[in-house]
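Asks: test case, fold it:
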Amino acid sequence: MRLMACPFCGTTKTRLAVRRSFTDRLLGYVTVYPFRCQLCARRFRSFLGKVATNPRRNFDRVAVDFPVWLKPLHASPQALGEEGTIQDLSIRGCRIRCERPVVPGTRVELEFQHSNASFPITVEEAIVRSSSQGEIGLRFIQLHRQDQRRIRSILDLWLPEPALPR
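Replies: You can find the predicted model right below:
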């Protein structure tokens, strides 16, 4: 068996995607499964050759420790933001440790810097998906293409290379 390469960007940093549709489940009987590229976020199907379980997540998370600043979207200029730390990052979201709880469903904007020598990465809009015990989970909604490319390059460096299947 071989590594699954993304047909769009060519990377081997892919993983099984969540099977949701009837077609996905039907094709699973002949071991054709959906995959998700961890860098370009595209979904594709490929023959796996063995039975696989349905994963919970589409994207791997990378453990990081980046300072972040976030504030509610459409807040007044006088509104204070919240500082925190990004604990893990994926192409579509992140988990942040912060002092104040944020209500799920809140739309926020955030800015983080992955090194002292880099410009900040700005996510124009993200939605809070979960919030508990000083941690919030965010899903990125809107960001500039160049910032998405920069997140992709961070993940390309930090995601482990997939092992050859047995």
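Asks: helices or strands up against the longest helix along the chain?
Replies: Assignment by DSSP state H gives helix 145-158 as the longest helix of the chain. Under the contact criterion of 3 or more CB pairs under 8 Å, 6 or more residues apart in numbering; DSSP states H and E, helix 145-158 touches strand 62-72, strand 82-90, strand 121-132. Backbone N, C-alpha and C define where each C-beta goes, glycine included.
Asks: gap between residue 128 and residue 111?
Replies: 16 Å (CB to CB, to the nearest Å).
Asks: surely residue 111 and residue 69 touch.
Replies: Yes. With contact defined as CB atoms under 8 Å, residue 111 and residue 69 form a contacting pair (5.1 Å).
Asks: of all the helices and strands packed on helix 145-158, which lies closest to residue 48?
Replies: With CB to CB as the criterion, residue 48 lies closest to strand 82-90 of the helices and strands packed on helix 145-158, at 22.3 Å.
Asks: in the chain, where is pLDDT below threshold?
Replies: 1-2, 76-79, 164-166 (pLDDT under 70).
Asks: can you give me the domain boundaries for this protein?
Replies: According to automatic domain parsing, the chain comprises the domains 1-59, 62-156.
Asks: count the residues that sit near the closest residue in space to residue 9 that isn't next to it in sequence.
Replies: In space, and not counting its chain neighbours, residue 9 is closest to residue 40: 4.4 Å by CB to CB, 6 or more residues apart in numbering. Residue 40 sits with 16 neighbouring residues when counted by other CB atoms under 10 Å.
Asks: and residue 40, what does it touch?
Replies: Listed by CB atoms under 8 Å, 6 or more residues apart in numbering, the contact partners of residue 40 are 6, 8-9, 11, 91, 152.
Asks: what of residue 46?
Replies: 4, 32-33, 35.
Asks: most widely separated two among those residues?
Replies: Across those, the longest distance by CB to CB is 11.8 Å; it joins 4 and 32.
Asks: what do those two both touch?
Replies: Joint contacts of residue 4 and residue 32 (CB under 8 Å, 6+ apart) are 46, 48.
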